[in-house]
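Participant: What shape does this take:
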Amino acid sequence: MQAVKGKNTSLERTLSSAFHRRGWRYRRNYALLPGKPDFVFTKARVVVFVDGDFWHGWRYPQWKHKLSDYWRAKIERNRARDRRNFQRLRRQGWTVLRLWGHDVEKNLDASVERVRVLLEAVRNKLDDETPRV
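Facilitator: Numbering: from 1, shown residues only. All right, here's what the predicted structure looks like:
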């Protein structure tokens with residue numbers, strides 16, 4: 001497990017390149033927030049996590065019976081931690097988006113589009129709430 005990277009994974013680098021090509025400004029692996037989100041768009045208060053399918057349990061109930069007790073406990077702890085961090089971030093006023101690794105690999109453009117739509121929606125909401133002088 002030591003060889004498993006926690007940051008700057010190939011998925012993160014792929015998304016980062018796509019974001020950079022669009023001229024978006026963001027922070028990477030921002031340790032000041034719960035869960036150390038992979039991407040943080042501070043002005044919009046949006047965080048994006050890129051979750052590996054195995055480590056974060058994509059469709060976990062369908063394959064958990066195949067795991068040893070050790071791995072079942074490990075993935076369940078990861079999932080519980082993900083839920084706690086999601087709740088903490090939401091309480092702090094952040095909008096949270098989780099992208100699954102297989103989605104990013106299969107269709108990068110669709111994953112980037114999800115982020116774009118969310119950023120646009122949040123920014124439009126902020127514009128509507130800004131008092132007019």
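Participant: so where do the helices sit in the chain?
Facilitator: Assigned by DSSP state H, the chain shows helices spanning 10-21, 53-56, 60-63, 69-91, 101-106, 108-129.
Participant: lowest-confidence stretch among the ones you listed?
Facilitator: Among the helices of the chain, helix 53-56 carries the lowest mean pLDDT, at a mean of 82.
Participant: Can you tell me which helices and strands that helix packs against?
Facilitator: helix 69-91 (3 or more CB pairs under 8 Å, 6 or more residues apart in numbering; DSSP states H and E). Heads up, the C-betas are built off the backbone N, CA and C, glycines and all.
Participant: for stretch 37-57, which positions count as buried?
Facilitator: Counting neighbours by 16 or more other CB atoms under 10 Å, one finds that the buried residues in stretch 37-57 are 37-41, 44, 46-52, 55-57.
Participant: before we move on, back to that, right, and the helices of the chain - which one's nearest residue 32?
Facilitator: The closest of these to residue 32 is helix 69-91. By CB to CB, the value is 11.6 Å.
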